[in-house]
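Engineer: Here you go, sequence then predicted model.
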Amino acid sequence: MDNSKKIEEIKDKLKTIFDPEIPVDVYELGLIYDVRLKDKNCEIDMTLTSPNCPEAQNIPNNVRKAVESLGHYDQVIVEVVWDPPWDKSKMSEVAKLTLNV
């Protein structure tokens with residue numbers, strides 16, 4: 001499988017991870033900033049809606065576990081970044097419609 005198909009597979013998997021306080025997945029919310037494949041490793045840069053998010057440890061851990069469950073990668077590294085800060089403009093049209101934004 002080429003890298004573009006692997007990244008699509010990863011994105012599909014990320015669409016199964018939800019912030020428990022928001023009925024939209026982390027990908028559609030715009031929390032995933034970058035997915036990189038390097039050899040047999042996957043690196044993901046993501047953010048959260050707020051630094052004070054009560055799920056600040058659980059959501060990145062769930063992202064890591066979801067990608068690990070694909071079984072293709074020796075290591076999955078999820079880095080939480082705060083720059084650029086998340087705002088509603090990062091949400092997909094699907095997320096905006098779901099949340100009436």
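Structural biologist: Looks like it came in fine. Numbers count the residues shown, from 1 in each chain.
Engineer: alpha carbons only for contacts and neighbour counts from here, please
Structural biologist: Fine.
Engineer: Contacts only, for the residue nearest the centre of the chain.
Structural biologist: Computing the C-alpha centroid of the chain and ranking residues by CA atoms, centre = their mean puts residue 32 first, at 3.9 Å. Counting by CA atoms under 8 Å, 6 or more residues apart in numbering, residue 32 touches 26, 44-47.
Engineer: and with 6 Å instead?
Structural biologist: residue 46 (CA atoms under 6 Å, 6 or more residues apart in numbering).
Engineer: again with the one 10 residues further on
Structural biologist: Shown here is residue 42, whose contacts under the criterion CA under 6 Å, 6+ apart are 36, 76.
Engineer: That one - that's part of a strand, no?
Structural biologist: Yes - looking at residue 42 with DSSP: H, G, I helix; E, B strand; the rest coil, it is inside a strand.
Engineer: Next one: it, what pLDDT does it get?
Structural biologist: With respect to pLDDT, residue 42 scores 97.
Engineer: Likewise for residue 60?
Structural biologist: According to the prediction, residue 60 has pLDDT 96.
Engineer: ok so it is a helix residue?
Structural biologist: Yes - judged by three-state DSSP, residue 60 forms part of a helix.
Engineer: so how many other residues sit close to the nearest residue to it once chain neighbours are set aside?
Structural biologist: Distance criterion CA to CA, 6 or more residues apart in numbering; nearest residue to residue 60, sequence neighbours excluded, is residue 78 at 6.4 Å. For residue 78, the count of nearby residues is 21 (other CA atoms under 10 Å).
Engineer: Look up phi and psi at residue 31.
Structural biologist: Residue 31 has phi and psi values of phi -80, psi -20 when expressed as degrees, to the nearest 10.
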